[in-house]
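# Predicted model, plus sequence, below.
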Amino acid sequence: MKKILIILLGLSAGLISCKKENRIPSAKHEENSAEKYPVSFAVAPFDVQTGTLSVQSAAKKTSALKDNFKYLYYYVTKQSDSLNVIKTIKQQSTDPNFGRVTDTLPAGKYNIFIIGAARSDVLVFTGNETLYFPGLFLAYEGQNFHRPPNSIGDNFYKKIPITVSKYSNQDVKLDRIVGRVNVKFTDAIPPGVSKIVVNFNSVPDILDLYTGVEAVTNSVGGETVTQTYIVKPGDVGKTGLTMGDYFWEGGLWIDVTYYDLNGNEVDRKVPTGSWVIEANTIVTFSGKLFNLSTGFNVGVNSDWGPQINQPFEF
């Protein structure tokens, strides 16, 4: 069953204006004479059935939104001007009103975007003809508004078209918009290994807020996310080391390298060609890294269903 978080509507207040450096066009002031209507969203303290991004873990129950993400972002655009963000709100899990949002909007048609994120540096910006097709995009302030070198963590999202003509109070369900890729080494770490490096290449770096998937750009897209594991003396002989991260839905490919104590490359393996990651899905590449004659298998856990193993040869 697909993972969802249930967001109930409630009352609270407070608006946070967009930062200019976020490249969101400045909001135009509504005329004071325009009648406004309250629009509210909130999280209620009740049990929500959730899953975890781990093949081995069973589903758990939690009543705390902060167990799933640390920051809540709220954006509003007019449907007639879909690339201009006119209001934003940002909350963090330590706020007393975390998950409770109240806005007031004049009568009209709007798009509401609600994002639950693990990081505090979510960036929403408008695309242009040079680097992007026109659109409203989500990224992180890590590498020129693209994917940062460290983890983006778990992310949830919902786009809500809404017509405001009176008080609005509706339930919202946030869907997970990331998948996870793991690389698991099934053989024992031998003596003489100093570090293991996994490169996740051509990973999706920008999310299209109107589709909820990887943004298509005019530029040469994709980032390389590198994870390095420094082998400690106590690691020698251990099996099952797993390295992994979260990614937007889209394609990527992986290479794995390990090094001797002098920093020299011993071997490099490419577990797969381009692989398409789907949201709410775990893909695990498992195999023997230190045996030069063997490769990896691919395991896919989709929507927390049964795991499927697919053999792969180099």
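Great, that's in hand. Residues are numbered from 1 along each chain as shown.

# So Leu174: helix, strand or coil?
Classification of Leu174 by DSSP: H, G, I helix; E, B strand; the rest coil places it in strand.

# What is the neighbour count of it?
By the criterion of other Cβ atoms under 10 Å, Leu174 has 22 neighbours. Every residue, glycine included, has its C-beta placed from N, CA and C.

# Report the beta-bridge partners for it.
Leu174 forms beta bridges with Leu5, as assigned by DSSP bridges.

# Wait, Thr104 touches Pro38, no?
Yes: using Cβ atoms under 8 Å, Thr104 is in contact with Pro38, at 5.4 Å.

# pLDDT weak spots in the stretch 1-150 of the chain?
1-33, 40-64, 128-133, 142-146 (pLDDT under 70).

# Can you show me the helices along it?
Here the stretch 1-150 of the chain has no helices by DSSP state H, counting those that start in this stretch.

# all strands for it, in order.
Applying DSSP state E, counting those that start in this stretch to the stretch 1-150 of the chain gives strands spanning 4-7, 36-41, 48-50, 60-62, 71-78, 81-92, 101-106, 108-117, 122-126, 136-140.

# same check, this time on the stretch 201-314 of the chain
For the stretch 201-314 of the chain, the strands defined by DSSP E, counting those that start in this stretch cover 207-208, 223-230, 241-248, 250-260, 265-269, 275-277, 281-287, 296-302, 308-311.

# right, so of these, which gets closest to Lys109?
Nearest to Lys109, of all the strands of the stretch 201-314 of the chain, is strand 207-208, at 20.2 Å by Cβ to Cβ.

# any idea of the mean pLDDT for the closest one?
Strand 207-208 shows a mean pLDDT of 84.

# one step back: of the strands of the stretch 201-314 of the chain, which stretch is the most buried?
By mean neighbour count, with neighbours taken as mean count of other Cβ atoms under 10 Å, strand 207-208 ranks first of the strands of the stretch 201-314 of the chain at a mean of 24.

# What helices and strands are in contact with it?
Packing partners of strand 207-208 (3 or more Cβ pairs under 8 Å, 6 or more residues apart in numbering; DSSP states H and E): strand 136-140.

# The strand it packs on: partners in the sheet, and parallel or antiparallel?
strand 122-126 (antiparallel), strand 207-208 (antiparallel).

# now that strand against strand 81-92, angle please.
Strand 136-140 runs at 30 degrees relative to strand 81-92, counting by axes from the mean of the first three to the mean of the last three Cα atoms, to 10 degrees.

# just checking, next helix/strand downstream of strand 136-140?
Moving toward the C-terminus from strand 136-140, the next helix or strand (DSSP states H and E) is strand 155-164.

# next structured bit after that following strand?
Next in sequence after strand 155-164, counting helices and strands by DSSP H and E, comes strand 168-169.

# Okay, now the sheet partners of that following strand, with direction.
Checking strand 168-169 against DSSP bridges gives partners strand 36-41 (parallel).

# ok, back up a step: tell me which of the strands of the stretch 1-150 of the chain lies nearest to Thr242.
strand 60-62 (19.9 Å).

# buried residues in stretch 155-172?
Asn155, Phe156, Tyr157, Lys158, Lys159, Ile160, Val164, Ser168, Val172 (16 or more other Cβ atoms under 10 Å).
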